[in-house]
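*Asks:* fold the following for me, if possible:
(2 chains)
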Amino acid sequence: EAGVAQSPRYKIIEKRQSVAFWCNPISGHATLYWYQQILGQGPKLLIQFQNNGVVDDSQLPKDRFSAERLKGVDSTLKIQPAKLEDSAVYLCASRLVRGLGELFFGEGSRLTVL
Amino acid sequence: KQEVTQIPAALSVPEGENLVLNCSFTDSAIYNLQWFRQDPGKGLTSLLLIQSSQREQTSGRLNASLDKSSGRSTLYIAASQPGDSATYLCAPSGGGADGLTFGKGTHLIIQP
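*Replies:* Okay, here's the model as predicted:
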């Protein structure tokens, strides 16, 4: 069974530039999450999708971050414009059933903002 | 809002020792709790999932217990090996949040 796929693995940009991250969850997983992990911290939930609808985006900085999951499968997380404090690893995760069952993570996308 | 604390923050022990990593959470209304390991520069690997109705779960040398009413979970690692060196994270699901809430983790080093 293929795992959660993410790309790119690494990205370096200058502040005020934009960046996009892509995630392909495990086949059949209806629930998809984006997490932000700053060095030395545990992951923090940014947004949760159930199929193509948003369940929770309360911690997403909506002035600069956006995310979509148009067909209920792949998802894209965008940052525009980026700030220095956005330097982090962006982790995508999925699970079969909302709220229940095991959560599976991708390898993450490491962003460095200069 | 769910908050998770992991103790100790860091641990360095010689190979072969048995270890206990502690996790506490503030809201006991959880569906389940997952333990993960994270190697440097990598994503999170799921180790064990304990449902709220369960008291413990075992996988190889790992045993996780859950005391939902007191908001505690422990991860027991038997006969530690250098390959166990990683950061260990616990994450309850529920308690006001559908997604997982993470602590800062325990950074574990097993000395050969």
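*Asks:* what residue in chain A comes nearest to chain B?
*Replies:* Residue of chain A nearest chain B, by Cβ to the nearest Cβ: A:Gly42 (3.2 Å). In this view, the C-beta of every residue, glycine as well, is placed from N, C-alpha and C.
*Asks:* identify the residues contacting that residue.
*Replies:* B:Val4, B:Leu89, B:Ala91, B:Phe102, B:Gly103, B:Lys104, B:Gly105 (Cβ atoms under 8 Å, 6 or more residues apart in numbering or on different chains).
*Asks:* without its sequence neighbours, what residue ends up closest to it?
*Replies:* Distances taken as Cβ to Cβ, 6 or more residues apart in numbering or on different chains put B:Phe102 closest to A:Gly42, at 3.2 Å, once the chain neighbours are dropped.
*Asks:* let me see the ranges of the strands in chain A.
*Replies:* Ranges of strands in chain A, per DSSP state E, are A:5-7, A:10-13, A:19-24, A:31-37, A:44-50, A:53-56, A:65-68, A:75-79, A:88-95, A:104-105, A:109-113.
*Asks:* quick check: buried residues in the last one?
*Replies:* When burial is assessed from 16 or more other Cβ atoms under 10 Å in any protein chain shown, strand A:109-113 yields the following buried residues: A:Ser109, A:Arg110, A:Leu111, A:Val113.
*Asks:* make a PyMOL selection of the buried ones in the contacts of A:Gly42.
*Replies:* To isolate the buried ones among the contacts of A:Gly42 in PyMOL, judged by 16+ other Cβ under 10 Å, type:
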select buried, chain B and resi 4+89+91+102+103+105
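*Asks:* nearest to A:Trp34, of the contacts of A:Gly42?
*Replies:* B:Phe102 (13.7 Å; Cβ to Cβ).
*Asks:* and the gap between the closest residue to B:Lys42 other than its chain neighbours and A:Trp22?
*Replies:* Spatially, and ignoring its direct neighbours in sequence, B:Lys42 is nearest to A:Glu107 (6.2 Å; Cβ to Cβ, 6+ apart). As defined by Cβ to Cβ, to the nearest Å, A:Glu107 lies at a distance of 13 Å from A:Trp22.
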